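*Asks:* let me see the structure of the following:
(one chain, ligands or ions: 2)
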Amino acid sequence: MFSLFYGLWKYLFTKTEFHVLILGIDKAGKTTLLEKLKSVYLNMESLPHDRIVPTVGLNIGRIQVSNSKLVFWDLGGQPGLRSIWEKYYEEAHAIVFVIDASSPLQFEDAKSTLEKVLRHEDLQGAPLLILANKQDLSEAMSAEELARYLDLKKLDERVYMFEAVSAYDGLGIKESVEWLVEVMERSKRTETLRARAGESGFASYLGSVTSSSSEEQTCLRTKGQINHDLLLGDIIPGSWHQPRPPQVHAQPPSFP
Ligand SMILES: Nc1nc2c(ncn2[C@@H]2O[C@H](COP(=O)(O)OP(=O)(O)OP(=O)(O)O)[C@@H](O)[C@H]2O)c(=O)[nH]1
Ligand SMILES: [Mg+2]
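*Replies:* Ligands and ions are numbered 1, 2, ... in the order given. Next up, the predicted model:
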């Protein structure tokens, strides 16, 4: 009886938690972006830009958007650190790939790095948000231009979007997060991750009424668990208001 009520309570009141990986080559602005996300959604003071150092391990940011909790994982983008990324793939609901749109010399590196990420089987079906960052700089390429330049192949089956953002002034941040929440809530990958974690909504609740499978669920969960020894620390958060930026829906979201 307890499990019946607990299951119902859990189903009604537990917020969905999504894991979002922030990737991109070094100096793209990933950590500055995470900092901005926290300032926008947690309404706290941002860490000054000159106090953000190159990331060696992992920065984590947690925000809440309506009924969803988003956990952002920001990893270091220096070449020697990129091999760590794949340890996080299996548990990621979506990928945010940040590109310094003001630095064309880095585009080749960004393109080949992103293509390698997309080839990884552990990221199959993960929605992809490509951010053309540093739009506060006059030389920054627009999201449309960047999309044309990257000319990414093998995006056909993936839900994705290009967005122009500035991690400095917050341009495009809210739109990006809204898009992420929408696609993650409806993506097949989320269903798969939920099923693996044993939290597939009402179906799971009904299942818990007839069988107590928590041990089995723990086993499954352990298999995909992440080593958080790498965690170096959280960053700090301000407030933000910006007009809606131009967006490129290179492919209308589809939800197989
Ligand atoms: N003008 C401008 N500069 C930015 C923006 N975002 C980041 N930067 C600057 O770009 C540099 C790199 O920013 P980081 O956030 O440390 O970049 P990162 O991608 O986290 O780099 P790694 O941790 O080494 O992978 C810093 O000097 C930032 O101040 C932006 O939107 N506009
Ligand atoms: Mg960083």
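*Asks:* who touches the host helix or strand of residue 21?
*Replies:* Using DSSP states H and E, the element containing residue 21 is strand 16-23. Contacts with strand 16-23, where a contact means CB atoms under 8 Å, 6 or more residues apart in numbering, come from 30, 33-34, 67-75, 77, 85, 88-89, 91-98, 113-114, 117, 180-181, 184-185, 190. Heads up, the C-betas are built off the backbone N, CA and C, glycines and all.
*Asks:* give me the buried subset of those.
*Replies:* 30, 33-34, 68, 70-75, 77, 85, 88-89, 91-98, 113-114, 117, 180-181, 184, 190 (16 or more other CB atoms under 10 Å).
*Asks:* which among these are in contact with ligand 2?
*Replies:* Applying CB under 5 Å from the ion, the subset of these adjacent to ligand 2 comprises residue 30.
*Asks:* out of the buried ones among the contacts of strand 16-23, who's near ligand 1?
*Replies:* 30, 77 (CB under 6 Å from any ligand atom).
*Asks:* which of the buried ones among the contacts of strand 16-23 fall within helices?
*Replies:* Judged by DSSP state H, the buried ones among the contacts of strand 16-23 include 30, 33-34, 113-114, 117, 180-181, 184, 190 as members of helices.
*Asks:* now the residues you listed in a markdown table, with pLDDT?
*Replies:* As requested, those are arranged in a markdown table below (pLDDT from 0 to 100):
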| residue | pLDDT |
| --- | --- |
| 30 | 98 |
| 33 | 98 |
| 34 | 97 |
| 113 | 98 |
| 114 | 97 |
| 117 | 97 |
| 180 | 98 |
| 181 | 97 |
| 184 | 97 |
| 190 | 96 |
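*Asks:* quick one: which of the residues you listed is nearest ligand 1?
*Replies:* Within these, proximity to ligand 1 (CB to the nearest ligand atom) peaks at residue 30, which comes in at 3.5 Å.
*Asks:* spell out which parts of the protein neighbour ligand 1.
*Replies:* Contact residues (CB under 6 Å from any ligand atom) of the chain with ligand 1: 24, 26-32, 49, 52, 54-55, 76-78, 133-134, 136-137, 166-168.
*Asks:* in strands, which of the residues you listed fall?
*Replies:* Under the assignment DSSP state E, the residues of the chain next to ligand 1 contribute residue 133 to strands.
*Asks:* report the buried members of the residues of the chain next to ligand 1.
*Replies:* 24, 26-32, 52, 55, 76-77, 133-134, 166-168.
*Asks:* picking that back up, closest to ligand 2 among the ones in helices among the buried ones among the contacts of strand 16-23?
*Replies:* For those, the minimum distance to ligand 2 (CB to the ion) is 4.9 Å, reached by residue 30.
*Asks:* give me every residue that touches the closest one.
*Replies:* 22-24, 55, 74-75, 77, 98.
*Asks:* now it: how far from residue 59?
*Replies:* 8 Å (CB to CB, to the nearest Å).
*Asks:* can you list residues touching both of these two?
*Replies:* In contact with both residue 30 and residue 59: residue 74, using CB under 8 Å, 6+ apart.
*Asks:* where exactly do the strands run in the stretch 101-250 of the chain?
*Replies:* Counting by DSSP state E, counting those that start in this stretch, the segments of the stretch 101-250 of the chain that form strands are 128-133, 160-164, 231-234, 247-248.
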